[in-house]
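Student: Build me a model:
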Amino acid sequence: MSQTTHSTPSLPSLGVGQILDDALEPSPFVKLRRRIFRNHSFMIGTVVLLCVLGVALLSPVLAPHDPYDQELSSRLQNPFWHDKKHNEEHLLGTDKVGRDYLSRLIYGSQVSLLIGFSSMLISGLIGTALGVTAGYFGGRVDMVINFIINTRLALPVFLVAMAAVVAFGASLTVVILVLGLFLWDRFAVVMRSITMQARDLDYVNAARALGCSTPHIIVREIFPNVLSSLTVVATVEMANAILLEAALSFLGFGVQAPTPSWGLMLNEAREYMFFSPWLLALPGACLFVLVLAINLFGDGLRDVTLEQDR
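Tutor: Numbering: from 1, shown residues only. Modelled structure (predicted):
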């Protein structure tokens, strides 16, 4: 009697290891969090920026005195580390007219952040619009916008800003507008280059094939993919605007007294640099820390986004 053998069909391999790997694969949010915490530049810059922003927003609460109150009988008092007989009401001393230096430094953070952010926003809108338009359309549009960019690059920002302040008057609004209208060139150059690379990609061609309008393609398809580079350029321009404002105020062409600007405080402290050097050192240190934090944040953001792209 012959035995009939029934062959059992082979089952597909379950791939237990692969299943476990897929189950243990971290989510995109977890990956992003790991990249952020692994990047020390990004973390340090973010923490310092948040601290400065908190000080600026809570200035009325944190400042021990009104930054505009003058008390000539208490002028040029030393800070707490200078001697043992310092005035406890003024931890960082007073300036040449008796105003509390700590309060003016705290309120000065408002001026620097306001000018830096506002100027960056204005220049970013102008430069991004020009750069994306030139990169997407090309041809004669690109040639005209390139001519505008080259014309702007031929103008020295600092000298033009000084001339504009002399013509229209020195005020906080004028400084913001002047810096915003003359710091857009880096935005335009970077956005033009990235848009030229993105306009021929498959997803953009697919959107054209589906009949999407040009504004829809630019806003919904191209712009989200250049946003990471845009934020990095924005941090650079924000730091640049803060330094330019400080330089203009130091020379008397920026924010005018009695507004508590760090650059103006440097200007007012020049004549006392040999007798009370802390009057120069404190606002200078504040500017250094803020600009360094913005640059660290921008560098870290670039590294995080590049690692994400890879």
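Student: Could you use CA atoms for every contact and neighbour count after this?
Tutor: Fine.
Student: got a list of contacts for stretch 218-231?
Tutor: Among residues not part of stretch 218-231, those counted as contacts by Cα atoms under 8 Å, 6 or more residues apart in numbering are 132, 187, 190-191, 194-195, 198-199, 203-204, 207, 298, 302, 305.
Student: Out of those, flag the one nearest to residue 72.
Tutor: Nearest to residue 72 out of these is residue 298 (Cα to Cα; 43.0 Å).
Student: In stretch 251-266, which residues are buried?
Tutor: For stretch 251-266, a neighbour-count test (16 or more other Cα atoms under 10 Å) marks 252-256, 259-266 as buried.
Student: one step back: looking at the contacts of stretch 218-231, which is nearest residue 243?
Tutor: Nearest member of the contacts of stretch 218-231 to residue 243, counting by Cα to Cα, is residue 298, at 15.9 Å.
Student: Which helix or which strand is home to that closest one?
Tutor: In the assignment (DSSP states H and E), residue 298 maps to helix 278-309.
Student: From the chain's centroid, how far away is that helix?
Tutor: Offset of helix 278-309 from its chain centre (Cα atoms, centre = their mean, to the nearest Å): 9 Å.
Student: which helices and strands sit right next to it?
Tutor: Packing partners of helix 278-309 (3 or more Cα pairs under 8 Å, 6 or more residues apart in numbering; DSSP states H and E): helix 28-38, helix 40-57, helix 223-250, helix 262-268.
Student: rewinding a little: find the pair from the contacts of stretch 218-231 with maximum spatial separation.
Tutor: 207 and 298 (31.8 Å).
Student: Just want to know which of those two has more residues nearby.
Tutor: residue 298 (24 against 16; other Cα atoms under 10 Å).
Student: Hmm, that one is touching residue 236, no?
Tutor: Yes - with contacts defined as Cα atoms under 8 Å, residue 298 counts as touching residue 236 at a distance of 6.9 Å.
Student: nearest residue to residue 64 other than its sequence neighbours?
Tutor: Sequence neighbours aside, residue 103 is the residue nearest to residue 64 in space, at 6.2 Å (criterion: Cα to Cα, 6 or more residues apart in numbering).
Student: In the helix or strand containing the one you found, which residues are buried?
Tutor: Using DSSP H and E, residue 103 sits in helix 101-137. Of the residues in helix 101-137, 101-124, 126-136 count as buried by neighbour count, 16+ other Cα under 10 Å.
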